[in-house]
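A predicted structure for the sequence below; I have some questions about it.
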Amino acid sequence: MLKSIHIQNFRGIRDLTIGDFSAVNVFVGTNGSGKTSVLEAIGTFLRPKEPWFLSMLSFWRRMESATEKSPLPLRAIFCDLRVVNPDPMQLEGRLDGVDDVLTIEPITALPTVGQTHENLAMNVLQLPPFERSLAGVRFRYRHGQEPEVRTDSLLREDGMGADAIWRGLEQLRCFYVPVQAVLGAELLGRFILSVNKRKTEAQLTKFVQMVEPRVRDLRAGGIEGETVVLADVGTTQRLPVQLLGDGFMRACSMAAGIFDGNYREIVIDEIENGLHFSVMPQFWRALGALCRKYSRQLFCSTHSEEMLHYAVAAFTDHPDELKVFRIDRGNDGKTTATAYRHEELQLSDEIHVEVR
Amino acid sequence: MPPPMILDNYRPKAEKPVVLLVEGRNPLEFIKRVFREQLNRVEIVDYGSKDKLSRGVTLVSKTSGFREYVRRIGVIRDAEADTRTAIQSVQSALQGAELPVPHGPAQMAADSDKMVQTAFLIMPTGEDSGCFEHALLAAFADAKTRRCVDAFLKCVLQPAKAANWALENWLAKAKVHALIAVSNKPEHTLGESGDAKLWDKSRPSLKVVGEFLDLILRDI
């Protein structure tokens, strides 16, 4: 369980400590306050074994995937896009009672002919070109008092390379549900098969039925070399799950993360996306029960007043399991986090004081 | 539980330099209407009841932009049975929210860095037990209708229960409602009666509220 995180120079966050996480942690705040960056920092801290995750973060923000020729999406994780003498990017967290530190440093090179397109953009905008291009990143991870492990991940033509010498830290993984994307059929299929193996499909079905009550079960299989996930909704033919809508696919993605068994921390950006308000009360109750049963920890963001309201109602019997953090970016650019306990959230509902 | 309605207290950010915390919706509406001209730069928040005062003060102090925009906080609380207990509860709530703590009612306290100042008022007088409605009743002290309402409630309540502060508060609220009903529209709440020019702000018992607002607005 992640107890706290200290974020330094990650995206737009210069220095932010968030402490005393609960089982379910909801981040709120105005547009551009840094909620997604906080979730990304948590995801990055918990997934140091997967360097490509950094590139995916930008992809999920509708940038391209970072490649050797197009390093800008990877550069975007550094404060002010600075990769020459940058302020050190460090994520420190207390995980299962141990203090871990992940440091990410840029590896730079002189821009080559193939890497000019971000500089072309700078030219068009009449901004000074980048003197150095980003060639990759170096990860350094220290788990408690153990010796630091490190690896380099260089940008290649097809994305970020993972280094074979990156050993240890197998226990670190988290499941990330970005705001714009859901799991593709292939990945979802793999999760469904894993769930089938674990014989938790009945619970998975029950979870996704909150969003689509007609679903009787989900089955994954291959058709002409392609993985498909089909849902039995009582029609003569099973339907590809994509036809059941974005809300359903997001619920499937969340369920996959919870039931897969490989992930202890689940990160969900804009958890309300695709959910009708009427399912929110039971959705939160179900999430709370599953986190309890499977010892999962949830980090999510929301803009939705209803979602927050129903979260507060759903955790009335387990008030210590819910915490809300409002992320603010002050006029000075400084990011802060304000924590709210359940009893404060209840009162804010009652006397209508805005916490978002 | 239905989702909350969007009400006045909903603000994404603190926007006004002064926040006034008031105990209950009715006193809030009343103050808003009767002291309207003084409240342009004041955000009024209803903290519900005395049990919620501490959480209410903390919540307000955590509002987005609070440290940037808010310069003063005022708290109005009923004395109920004991003024000293009421004072201590406000002081403890302010202390819990890491705000400056005034020594007594209608006194201003400041941080060492003077970023936020606080003051509080205990109703009805800062010395006597009772509630907000006692101050309103006092404003009606010499009205003919007041004598009728007193007589009516005395009659209704016979045989009288043992006097205690809860009964006294109940009686004060009942009398205020009766006075509003006979002097204005019977369906009006206390808050709505504030629009009816029923209340004379210059009466000593109401003047304390106006003076308290002056205090928390001074030089703002």
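On my side now, so go ahead.

C-alpha from now on. contacts and neighbour counts both.
OK.

Would you mark the buried spots in the longest helix belonging to chain B?
Using DSSP state H, we find that the single longest helix of chain B is helix B:165-183. Residues of helix B:165-183 classed as buried: B:165, B:168-169, B:171-181 (neighbour count, 16 or more other CA atoms under 10 Å in any protein chain shown).

and it, what other elements does it pack with?
Under the contact criterion of 3 or more CA pairs under 8 Å, 6 or more residues apart in numbering or on different chains; DSSP states H and E, helix B:165-183 touches helix B:132-139, helix B:144-156, helix B:190-193.

In a markdown table, list these along with mean neighbour count.
Converted to a markdown table, those look like this (neighbours: other CA atoms under 10 Å in any protein chain shown):
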| stretch | mean neighbour count |
| --- | --- |
| helix B:132-139 | 22 |
| helix B:144-156 | 14 |
| helix B:190-193 | 20 |
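
For chain B, give me the ranges with low pLDDT.
Along chain B, segments meeting pLDDT under 70 span B:1-13, B:114, B:159-163.

cutoff 50 now
By pLDDT under 50, the low-scoring segments of chain B are B:1-7.

all strands in chain B, in order from the N-terminus.
B:18-22, B:42-46, B:72-78, B:109-110, B:117-123 (DSSP state E).

Mind listing what's buried along the helix or strand harbouring residue A:190?
In the assignment (DSSP states H and E), residue A:190 maps to helix A:185-198. Neighbour-count burial for helix A:185-198 flags A:185, A:186, A:187, A:188, A:189, A:190, A:191, A:192, A:193, A:194, A:195, A:196 (criterion: 16+ other CA under 10 Å).

do stretch B:79-95 as well
For stretch B:79-95, by 16+ other CA under 10 Å, it's B:79-81, B:83, B:86-87, B:89-95.

The residue lying farthest from the centre of chain A in helix, strand or coil?
Distance from the C-alpha centroid of chain A, by CA atoms, centre = their mean, peaks at residue A:236 (37.2 Å). Assigned by DSSP: H, G, I helix; E, B strand; the rest coil, the conformation of residue A:236 is coil.

Who are the contact partners of it?
Under the criterion of CA atoms under 8 Å, 6 or more residues apart in numbering or on different chains, residue A:236 has no neighbours.

Tell me the spacing between it and residue A:158.
From residue A:236 across to residue A:158, the span is 42 Å (CA to CA, to the nearest Å).

what does residue A:206 give?
Distance from residue A:206 to residue A:158, by CA to CA: 39 Å.

Ok, residue A:8 next?
Counting by CA to CA, the gap from residue A:8 to residue A:158 is 29 Å.

And for residue A:47?
For residue A:47, the distance to residue A:158 - CA to CA - is 20 Å.

which one of these two has more residues nearby?
Set residue A:47 next to residue A:158 and count neighbours by other CA atoms under 10 Å in any protein chain shown: residue A:47 wins out with 22 against 11.

Pretty sure the more buried one sits against residue A:173.
Yes: at 5.0 Å, residue A:47 counts as touching residue A:173 under the criterion of CA atoms under 8 Å.

Close to chain B: what parts of the stretch 201-350 of chain A are there?
For the stretch 201-350 of chain A, the residues in contact with chain B (CA under 8 Å from any CA of the partner chain) are A:306, A:309-310, A:313, A:328, A:330, A:338, A:343-344, A:347-350.

try 7 Å
Contact residues, the stretch 201-350 of chain A versus chain B (CA under 7 Å from any CA of the partner chain): A:306, A:309, A:338, A:344, A:349.

in the stretch 101-250 of chain A, what residue is nearest chain B?
residue A:210 (18.7 Å; CA to the nearest CA).

State the distance from that residue to residue A:305.
Distance of residue A:210 to residue A:305, given as CA to CA: 20 Å.

Spatially, which residue comes closest to whichever residue of the stretch 151-300 of chain A sits closest to chain B, not counting chain neighbours?
Closest to chain B within the stretch 151-300 of chain A is residue A:281: 9.5 Å, counting by CA to the nearest CA. Excluding its sequence neighbours, the residue lying closest to residue A:281 (CA to CA, 6 or more residues apart in numbering or on different chains) is residue A:310, at 5.2 Å.

Just give me the neighbour total for the one you found.
21.

where's residue A:343, which helix or strand?
helix A:342-351.

buried sites along that helix?
A:342, A:344, A:345, A:346, A:347, A:348, A:349, A:351.

And for stretch A:225-235?
Buried-residue list, stretch A:225-235, by 16+ other CA under 10 Å: A:227, A:228, A:229, A:230, A:231, A:232, A:233.

quick one on the thing from earlier: packing partners of the helix holding residue A:343?
For helix A:342-351, the packing partners by 3 or more CA pairs under 7 Å, 6 or more residues apart in numbering or on different chains; DSSP states H and E come out as helix A:305-314.

Which SSE is immediately downstream of the helix it packs on?
Immediately after helix A:305-314, counting by DSSP H and E, sits strand A:322-329.

if we look at that following strand, which residues are touching it?
For strand A:322-329, the surrounding residues in contact (CA atoms under 7 Å, 6 or more residues apart in numbering or on different chains) are A:22-29, A:33-35, A:315, A:335-342, A:356.

Out of those, name the ones that lie in strands.
The strands, defined by DSSP E, take in A:24, A:25, A:26, A:27, A:28, A:335, A:336, A:337, A:338, A:339, A:340 from those.

so what's the fifth one up against?
It stands for residue A:28. Residues near residue A:28 by CA under 7 Å, 6+ apart: A:35, A:301, A:302, A:303, A:325, A:326, A:327, A:356.

So for the spatially closest residue to it that is not a sequence neighbour, what's the pLDDT?
Leaving aside its chain neighbours, residue A:28 sits nearest to residue A:326 (4.7 Å; criterion: CA to CA, 6+ apart). The model reports residue A:326 with a pLDDT of 96.

What sits closest to the residue of the stretch 101-250 of chain A closest to chain B if chain neighbours are left out?
residue A:279 (6.3 Å).

ok but the one you found is inside a strand, no?
No: read with three-state DSSP, residue A:279 is helix and lies in no strand.

quick one: it from residue A:267, how far?
20 Å.

repeat for residue A:220
Residue A:220 sits 24 Å away from residue A:267, taking CA to CA as the criterion.

These two: which is more packed in?
Taking neighbours as other CA under 10 Å, residue A:220 and residue A:267 compare with residue A:267 leading, 24 against 20.

pLDDT wise, what is the residue in the stretch 1-150 of chain A that chain B sits nearest to at?
Proximity of the stretch 1-150 of chain A to chain B (CA to the nearest CA) peaks at residue A:30, 7.9 Å away. pLDDT for residue A:30: 90.

what about it, neighbour count?
Applying other CA under 10 Å, I find that residue A:30 has 17 neighbouring residues.

swap in residue A:144?
Residue A:144: 14 neighbours (other CA under 10 Å).

can you pull the contacts of it?
Shown in contact with residue A:144 (CA under 7 Å, 6+ apart): A:98, A:99, A:100.

Does the first one have any beta-bridge partners, and if so which?
Applying DSSP bridges to residue A:98 gives these bridge partners: residue A:95.

Helix or strand: which one has residue A:93?
Assessed by DSSP H and E, residue A:93 sits inside strand A:89-95.

returning to what we had before: farthest-separated two in the ones in strands among the contacts of strand A:322-329?
Maximum pairwise distance in those, criterion CA to CA, is 21.5 Å, between A:24 and A:335.
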